[in-house]
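Asker: Just need the structure, nothing else, for what follows:
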Amino acid sequence: MARPREFDERAVLEAAQGAFRTHGYAGTSLQQLMGATGLGKGSLYAAFGDKRGLYLRVLGDYAQRSVASVEQALEGPRAIDALREHLLGLARSSNTGPSCLLASSTAELAAVDADVGQCVKRAFREIEASYVGAVTRAQDEGDIDADADPKALGGLLLAVSRGLEALGHAGVPETSLVQAVEAALAGLPRPPGR
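Answerer: Below is the predicted model of the structure:
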């Protein structure tokens, strides 16, 4: 009979996530994962198969939480205000802390690992759908032109959000990122007469 796990899986995934976000997939050694999680090689392999299996679990978990975070951020009382606060939050936090795991996974592995590619594409589609929903709501609330294409604007907002993250981690100052957010929002089509 298999022994029950004697560790907190959530804590292990979060610790491994920290290592992968800091060092990337290739740059994270088994020793670093063992040090971060407090588990030995045998326990890590028994629970997750191998380093790639652990990475895929971490990435899947991170993707789900990222999608949920965007959905929650866009639930504000007025859609245009929720979009502004969400994007400004990204602008203000993008040049601190480790890189977004979705972004680093896209850059490092999406083109060479089909499972990683599928995971990040699915997450970006779901995040884009949240932006499309917010645009549609803003149209219903009279803040965005009802004749505008919500899918196209949702794609634009996804590109803006991903660009903020990439530029912030490249060292672009927060003030420039905030200005970019304001310019993007100002460029959204307004209803006639507004």
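Asker: what are the ranges of the strands in this protein?
Answerer: Counting by DSSP state E, the chain yields no residue ranges for strands.
Asker: Residue 129 is in contact with residue 154, isn't it?
Answerer: Yes - contact criterion C-beta atoms under 8 Å: residue 129 and residue 154 qualify, at 7.1 Å. Using the backbone N, CA and C atoms, a C-beta is placed for each residue, glycine as well.
Asker: If you count neighbours, what's buried in stretch 120-133?
Answerer: For stretch 120-133, burial by neighbour count (16 or more other C-beta atoms under 10 Å) applies to 120, 123, 124, 126, 127, 128, 129, 130, 131, 132, 133.
Asker: Contacts for that stretch, please.
Answerer: Stretch 120-133 is contacted from outside by 59, 63-64, 66-67, 70-71, 74, 83, 102, 105-106, 110, 150-151, 153-155, 157-158, 161-162, using C-beta atoms under 8 Å, 6 or more residues apart in numbering.
Asker: Could you check the pLDDT of residue 39?
Answerer: In this model, residue 39 is scored at 93, pLDDT.
Asker: Any idea how many residues pack against it?
Answerer: Applying other C-beta atoms under 10 Å, we find 22 residues neighbouring residue 39.
Asker: Next, it: phi, psi?
Answerer: Per-residue torsions, residue 39: phi -100, psi 150 (degrees, to the nearest 10).
Asker: which ones are touching it?
Answerer: Residues in contact with residue 39 (C-beta under 8 Å, 6+ apart) are 7, 12, 47.
Asker: In space, what's closest to the first one - neighbours in sequence excluded?
Answerer: Same thing as residue 7. residue 39 (6.2 Å; C-beta to C-beta, 6 or more residues apart in numbering).
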